[in-house]
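Engineer: Next one to model:
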Amino acid sequence: MGHDHGHDHTHGANKKALMISFIIITLYMIIEAVGGFITNSLALLSDAGHMLSDSISLGVGFLAFRMGEKVASYSKTYGYKRFEILAAVFNGVTLIVISLYIFYEAYHRFMDPPEVASTGMLVIAIIGLIVNIVVAWILMRGDTEENLNLRAAFLHVLGDLLGSVGAIAAALLIMFFGLGWADPLASVIVAVLVLTSGWRVTKDAVHVLMEGTPKNVELEDIIQTIENVPEISAIHDLHVWSITSGQNALSCHAVVDGSLSVQESQELLRTIEHELEQKGIGHVTIQMESEEHPHTDSLLCDHESGPHDHEHE
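Structural biologist: Sure thing, here's the model as predicted:
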């Protein structure tokens, strides 16, 4: 119960961080977009575009937390916890699309640099930097290490923060040296950062959707932990996956001494569950089998040549 209470507390803190960040970013995104049009700065407009994706990211992320709170039902036995991962995919793909559009716009501006109102651009970029620092600090207080959804939002804001730095540098170069190409150059730097973070978030989220082994779980260590229990002679059909960020699950078949009583089997299960919880796995399902029970020698499940094929035919 202590683990669940800690998870609920973290969940609440993450949700609050997203809600406050969403309000701040959305308000400033409108100011920066208007400022970008008035000053004719692509660096500001690209940063505003990135902020729009931030706003969507934070909004969808907040919605994901709300959806994740829905209880499990017969049709959704895990509830809506995976919605958070779908939100992370959406955010990652949005980042990639926005970065490609910035590249396209920057190319045309390199060919024909327009006039930019550098003073207005500088003021708006400085305010943008302050706003992004505040939002990044709010999000950092949440669980950006374990929670993929919050990390996606944090990366969005971090890209924005660097975008504001780029816009400030570009404004100064235009003001003091008349370098018109500094504006599209700053937007290209933003685009590279946006593309990189978008790719990473998308890749991590797809890994979860593909039921991949969680990044924070060492599979060999898990196998050793289970097989080191004296009563277990072998394990097979092992699966380790993430339900959502910070919630890992495991299922396997364990071959045990057939003479174990029901009580001894229950104690054995509790011991393994406790060991695995220390390794970051909260949901454990183990099917006990005796030596006489027909089983495969394959550690990982092989549906093509397993002994239970006749059941599916």
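
Engineer: Assign a three-state SS to the residue lying closest to residue 290 once chain neighbours are set aside, would you?
Structural biologist: Leaving aside its chain neighbours, residue 290 sits nearest to residue 258 (3.4 Å; criterion: C-beta to C-beta, 6 or more residues apart in numbering). Every C-beta, even on glycine, is put in place using the N, C-alpha and C of the backbone. Classification of residue 258 using DSSP: H, G, I helix; E, B strand; the rest coil returns coil.

Engineer: so how far is residue 289 from residue 258?
Structural biologist: Separation of residue 258 from residue 289 (C-beta to C-beta, to the nearest Å): 9 Å.

Engineer: Could you name the helices and strands sitting against the top helix by length along the chain?
Structural biologist: Longest helix in the chain by number of residues (criterion: DSSP state H): helix 2-39. The contact analysis (3 or more C-beta pairs under 8 Å, 6 or more residues apart in numbering; DSSP states H and E) places helix 2-39 against helix 42-68, helix 118-140, helix 148-177.

Engineer: what number of residues lie near the residue nearest to residue 290?
Structural biologist: If you count neighbours by other C-beta atoms under 10 Å, residue 258 ends up with 11.

Engineer: Check residue 141 too.
Structural biologist: 11.

Engineer: repeat for residue 274
Structural biologist: Neighbours of residue 274 using other C-beta under 10 Å come to 10.

Engineer: got a list of what it touches?
Structural biologist: With C-beta atoms under 8 Å, 6 or more residues apart in numbering as the criterion, no residue contacts residue 274.

Engineer: Tell me the spacing between it and residue 282.
Structural biologist: Going from residue 274 to residue 282 by C-beta to C-beta gives 11 Å.

Engineer: And residue 188, by the same measure?
Structural biologist: Here residue 188 is placed at a distance of 44 Å from residue 282 (C-beta to C-beta).

Engineer: ok, the two, which is more surrounded?
Structural biologist: residue 188 (21 against 16).

Engineer: Please tell me I have it right and the more buried one contacts residue 102.
Structural biologist: Yes. Assessed by C-beta atoms under 8 Å, residue 188 is found in contact with residue 102 at 7.2 Å.

Engineer: Output the longest strand belonging to this protein.
Structural biologist: Within the chain, and with DSSP state E defining each element, the longest strand by residue count is strand 232-244.

Engineer: Could you list the buried residues of it?
Structural biologist: 232, 235-238, 240-244 (16 or more other C-beta atoms under 10 Å).

Engineer: so how far is residue 140 from the residue of the chain most remote from its centre?
Structural biologist: Within the chain, residue 259 marks the point farthest from the mean C-alpha position, 45.6 Å out by C-alpha atoms, centre = their mean. Using C-beta to C-beta, residue 259 is found at 54 Å from residue 140.

Engineer: Residue 19 now?
Structural biologist: Distance from residue 19 to residue 140, by C-beta to C-beta: 16 Å.

Engineer: same deal with residue 102?
Structural biologist: Residue 102 is 26 Å from residue 140, by C-beta to C-beta.

Engineer: and the two? which has more neighbours close in?
Structural biologist: Taking residue 102 and residue 140 together and counting by other C-beta under 10 Å, residue 102 has the greater number of neighbours (27 against 14).

Engineer: Count the residues that sit near the closest residue in space to that one that isn't next to it in sequence.
Structural biologist: Leaving aside its sequence neighbours, residue 102 sits nearest to residue 191 (C-beta to C-beta, 6+ apart; 3.9 Å). Counted by other C-beta under 10 Å, the residues lying close to residue 191 total 26.

Engineer: Mind telling me what element residue 191 is part of?
Structural biologist: helix 182-209 (DSSP states H and E).
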